Each structure stands twice: as C-alpha cells, then as structure tokens.
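Visitor: I would like the atomic coordinates for the input below:
(one chain, ligands or ions: 1)
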Amino acid sequence: MRQLIAGNWKMHGLSAQLAEIEAIGAARPTNCDILICPPATLIARAVERAKGLVPIGAQDCHAEASGAFTGDVSAEMLVDAGAVAVIVGHSERRQFHAESDAAVAQKARAAWRAGLLTIVCVGETQAERDDGRMLEVVARQIAASLPDGATVQNTTIAYEPVWAIGTGRTPTAAQIAEMHGHIRKLLIDRFATGRTMRILYGGSVKPSNANEILGIADVDGALVGGASLKAADFLAIAAAAAPP
Ligand code: PEP
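Guide: Residues are numbered from 1 along each chain as shown. Below you'll find the model as predicted:
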C-alpha cells in the first residue's frame, strides 16, 4: 500500500503561504501519496495553485449539506471548492468544540455523501495513557466515530495521541506499533476492507523522526501539523515514506 503524507495547516496560512503548495507540487514526490489541508479560506485558491499536482483537503465539515448554521462549511461546499478529502474528529475539534464521537460519525457520513475521502482522527490524552486506558479509549473512538460503511476507498484513520500533537514529544516506536496493531485488528474485525484501510500516525512528525516512524508496522503514512507549513520540511517527510 502506498503511504499517505497529509499536511494539516490548522489555522495557519494567508495568501502568501500558497507558494508552499506550488513548491510541493513542483517537487512531484512519487514514492507516496500526498495531501495538504489548508484553512477553508484558501482551499479554492490552493486547488488552482496546485495545478493538479497536490490534492487539497479540508480540516472539518458540518454534518448537513446546507442550512442555518452560521459560520459552518458543508462537505458539499468543500467539494465545490475543489477539495478531495476532509479531516474529521481532530483532537482540537473534540477539545475546543466539544465534538463527541457521535458528532464525528455524522461528519464522516456527510463527507462520504459528498464523495470526500475522510480522515477520522482518534487518540488518547496524557492522563488516559498514564492510567493505561489508551487501548480502550481508542477502541471506543473507533467504534463510535466510524460509521458502518467505512471502506478503504472512503476512510483513512489517523492515530494522534493528544499529548504528542504540537509538543515535540512522540511515543516510542513500540508504543506506536502497539496502537497501530490494535487499530488494525479493530478494523479487520469490523470492516471487509479493514486489512488495507490506511492508518496514519500523527503527532510531532518532522524530518528528523519521519524515517523511523514511517518504518513501523501498520503505519501507512503520517498526518503532519507544524512541519507541513514549509514545503522543504513536508517534502523531507514525504521523501522518508516507504516506496510503493
Ligand atoms: C496535527 O495537528 O494533526 C498534528 C499532528 O500536529 P503536529 O504535527 O504539529 O504535532
């Protein structure tokens, strides 16, 4: 399976930042699939500047196609802007917008309805890991955030331990392998294509640790926050992806 290196720009990026997408496209990485998820305001222009060389995704969507939801953006609107994928259930959405597993599942269904690849994020907090409850927490998130009907074509999982996001701290290779193996088993038990559904690792991935992380069993790519903002760093991480 080709690894996927996906960039999550979070709430970063004004027009000038679009040059980074052009630079990523110009490098044409071929050893892996790539995706950049800029803020919603840049999606349409990012698609233009990417010239078909960098697939563009979004960071969230509303569950409804349209309606009286001031400030929200629907999956259909993202497709209309040229997006091909959307992240749902990122821990920052779960934490700052109180998104429940059920709300994440509704957003995943909306993304499928619109034809978007859906990257569903799961991951434990530091306290949950300290209590030894990480496997149970992630199992609950996978069970409740992933609707029936998930397939290798419409869904990718991102395991992102909350304590590793933006902190510079990463789990050990053994901890990542344990969790990805756990998620793989949950996917196989529930979905016909669970064996090949991608499981990305996310949380402080950078050029200096990408090689080790992307070499771990059942790590099918990375979801990259801070290090995706500069084309050079993103491309260095992409270069570390295993060749197909
Ligand atoms: C993320 O926001 O999904 C993320 C993994 O962030 P960072 O790479 O900055 O830890």
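
Visitor: In contact with the residue lying closest to residue 114 once chain neighbours are set aside: list those residues for me.
Guide: With C-beta to C-beta, 6 or more residues apart in numbering as the measure, residue 75 is the residue that lies nearest to residue 114, at 3.6 Å, once sequence neighbours are left out. C-beta here means a position set from N, CA and C on the backbone, and glycine is covered the same way. Contacts for residue 75 (C-beta atoms under 8 Å, 6 or more residues apart in numbering) come out as 61-62, 65, 86, 107, 110-111, 113-114, 116.

Visitor: In strands only, show me those.
Guide: Where those overlap with strands, as defined by DSSP state E, the overlap consists of residue 86.

Visitor: Now do the buried residues in stretch 5-19.
Guide: Judged by neighbour count using 16 or more other C-beta atoms under 10 Å, the buried positions of stretch 5-19 are 5-10, 13, 17-18.

Visitor: what is the mean pLDDT for it?
Guide: For stretch 5-19, the mean pLDDT works out to 98.

Visitor: For residue 19, see how far away the residue lying closest to residue 86 once chain neighbours are set aside is.
Guide: Across the structure, with C-beta to C-beta, 6+ apart as the measure, the residue nearest residue 86 apart from its sequence neighbours is residue 58 (4.4 Å). When distances are taken as C-beta to C-beta, to the nearest Å, residue 58 and residue 19 turn out to be 20 Å apart.

Visitor: pLDDT score assigned to the residue nearest to residue 114?
Guide: What the model reports for residue 75 is a pLDDT of 98.

Visitor: I'd like the distance between it and the ligand.
Guide: Here residue 75 is placed at a distance of 19 Å from the ligand (C-beta to the nearest ligand atom, to the nearest Å).

Visitor: re earlier: now, the buried residues of stretch 5-19 that are in helices?
Guide: Mapping the buried residues of stretch 5-19 onto helices (DSSP state H) picks out residue 18.
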